[in-house]
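> need a 3D model of the sequence below.
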Amino acid sequence: MKKVILVLMVLMVMGSVLYAQASAETKNPVLRIITWSGYAPQELLDKFTEETGYKVEVTLSNNEEMISKLRATRGGGFDLAQPSQDRISSVVEQYAIYQPIDYARIETEQIDASLLEAVKKNTLVDGESYAVPHVYGTEGLVVNKALAPDVKDFKDLLDPKYAGRVSYRLKRPTLIGMGFSLGYDPFALYNDPEAYQDFLDEMEKVLIAGKPSVKTYWDNGDQLLQSLRSEEVWAASAWEQAGWKLHAENPNIDYIAPTSGALAWVDTFAIPAKSENLDAAYAYINFMLEPENAAFFTNRETYGTASKDAVNYLDPEIKANFTRGLPPEVLANINWYPTVPAGIEEMEGKTLDKVKAAR
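Numbers count the residues shown, from 1 in each chain. Predicted coordinates:
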């Protein structure tokens, strides 16, 4: 009897060992990511593989393609995706292609708190959030401080004393930014089409009345840069990269976050509904938000990162730009783009057409 028990115990131990070996052998060694160009530098992928053992397969894409590919597979085919935050909650509600984030598996202490909370709020569906912030960019003001020292907010671009010396795009960010500057909260009106149309009607009047201030409605980045270089334009609404590029050439010109808050997009990490490698997906998110790794990305691409301590590892000139233009108190005041309800962009387009046609 004792021999039988001993044999059984040996078999049980051997079975456990074989099971563990089989589990290790069948563990998926590949992480499949669908992301934007530049967001997954090969140097960081190699480092991630060295540290974790996971190989990474990258598919380059954009928001529309991410949605299309994941819809076709009902959330399969990839383990990790990087959609913009305003392209998540609506597709979760319609197509269920992403799964809720388990924030207990995210090293949230690495992430700027205000940005994390904004992304949680803007990707909330039925009490659960679906994304982790990664990369962001802003739109504010690019100002020649020697020539337009009083331009501090979007509404200042309408000041008659700068007649013929300002520039902005006839695009939806101008409507949104001008609205915040004049005391509205356009995003809070999104779900009330009638109230939003009233807001647009008011912006139409404001922008038409302000046309004498406009040198040009820019639609080309090079055109904008040249107009500021030549001092034809003294102040404009534009992205931080444009302001920082000009600041390197002329210290009088710089990017300024409007007092009512810069407008900002954020690209995220989201996990497809049928991800087959959750361990690798969460490991990769945490890896990319480690300060040194996040700084490597920002030093190369110049976009902001959600990693709050990455600034300590940035190249001096890039660090100076973020310290000067987008410090934590500015990030805490940013107006992050939420999901745009159906029909809103069409309404905005009609308003902008009227502004353009007005004389």
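
> can you give me the helices for this structure?
Under the criterion DSSP state H, the chain contains helices at 2-26, 42-52, 63-72, 89-95, 113-122, 172-181, 193-209, 221-229, 240-249, 278-288, 291-301, 316-325, 328-331, 344-357.

> take these and write them to JSON lines, including mean neighbour count.
(C-beta placed from N, C-alpha, C; glycine too.) Output for the helices of the chain, formatted as JSON lines (neighbours: other Cβ atoms under 10 Å):
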{"stretch": "helix 2-26", "mean neighbour count": "9"}
{"stretch": "helix 42-52", "mean neighbour count": "14"}
{"stretch": "helix 63-72", "mean neighbour count": "16"}
{"stretch": "helix 89-95", "mean neighbour count": "17"}
{"stretch": "helix 113-122", "mean neighbour count": "20"}
{"stretch": "helix 172-181", "mean neighbour count": "22"}
{"stretch": "helix 193-209", "mean neighbour count": "16"}
{"stretch": "helix 221-229", "mean neighbour count": "17"}
{"stretch": "helix 240-249", "mean neighbour count": "19"}
{"stretch": "helix 278-288", "mean neighbour count": "21"}
{"stretch": "helix 291-301", "mean neighbour count": "19"}
{"stretch": "helix 316-325", "mean neighbour count": "16"}
{"stretch": "helix 328-331", "mean neighbour count": "17"}
{"stretch": "helix 344-357", "mean neighbour count": "15"}
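
> mean pLDDT lowest where, among these?
Within the helices of the chain, confidence is poorest for helix 2-26, with a mean of 44 (mean pLDDT).

> looking at the helices of the chain, which is nearest to Lys215?
Closest to Lys215 of the helices of the chain, according to Cβ to Cβ: helix 221-229, at 6.8 Å.

> summarise which helices and strands that closest one is packed against.
Secondary-structure packing of helix 221-229 (3 or more Cβ pairs under 8 Å, 6 or more residues apart in numbering; DSSP states H and E): strand 132-144, strand 214-217, strand 235-239, helix 240-249.

> mind doing that once more with 10 Å?
strand 132-144, strand 166-168, strand 214-217, strand 235-239, helix 240-249, strand 253-256 (3 or more Cβ pairs under 10 Å, 6 or more residues apart in numbering; DSSP states H and E).

> residues touching Glu139, list them.
154, 168-169, 171, 173-174, 176-177, 237-240, 242, 255, 257-258, 262-265, 335, 337 (Cβ atoms under 10 Å, 6 or more residues apart in numbering).

> and Tyr303, by the same measure?
Contacts for Tyr303 (Cβ under 10 Å, 6+ apart) come out as 38-39, 134-138, 240-241, 267, 297.

> if we go to 8 Å?
Tyr303 makes contacts with 135-137, 297, as judged by Cβ atoms under 8 Å, 6 or more residues apart in numbering.

> sorry, back to before: columns distance to Tyr103 on top of the helices of the chain, output as a markdown table?
Below are the helices of the chain laid out as a markdown table (distance: least, Cβ to Cβ, whole Å):
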| stretch | distance to Tyr103 |
| --- | --- |
| helix 2-26 | 26 |
| helix 42-52 | 20 |
| helix 63-72 | 22 |
| helix 89-95 | 16 |
| helix 113-122 | 8 |
| helix 172-181 | 29 |
| helix 193-209 | 32 |
| helix 221-229 | 37 |
| helix 240-249 | 28 |
| helix 278-288 | 10 |
| helix 291-301 | 18 |
| helix 316-325 | 25 |
| helix 328-331 | 19 |
| helix 344-357 | 30 |
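
> what about those helices, which gets the closest to Val142?
helix 240-249 (4.0 Å).

> number of nearby residues for Asn144?
Close neighbours of Asn144, defined as other Cβ atoms under 10 Å, add up to 21.

> I'd say it and Ala236 touch.
No: with contact defined as Cβ atoms under 8 Å, Asn144 does not count as touching Ala236 (9.5 Å).

> overlap in contacts of those two?
Leu228.

> please name the nearest non-neighbouring residue to Met233.
Just to correct that, residue 233 is Val rather than Met. In this structure, Val233 finds its nearest non-sequential neighbour in Ser227, 4.1 Å apart by Cβ to Cβ, 6 or more residues apart in numbering.
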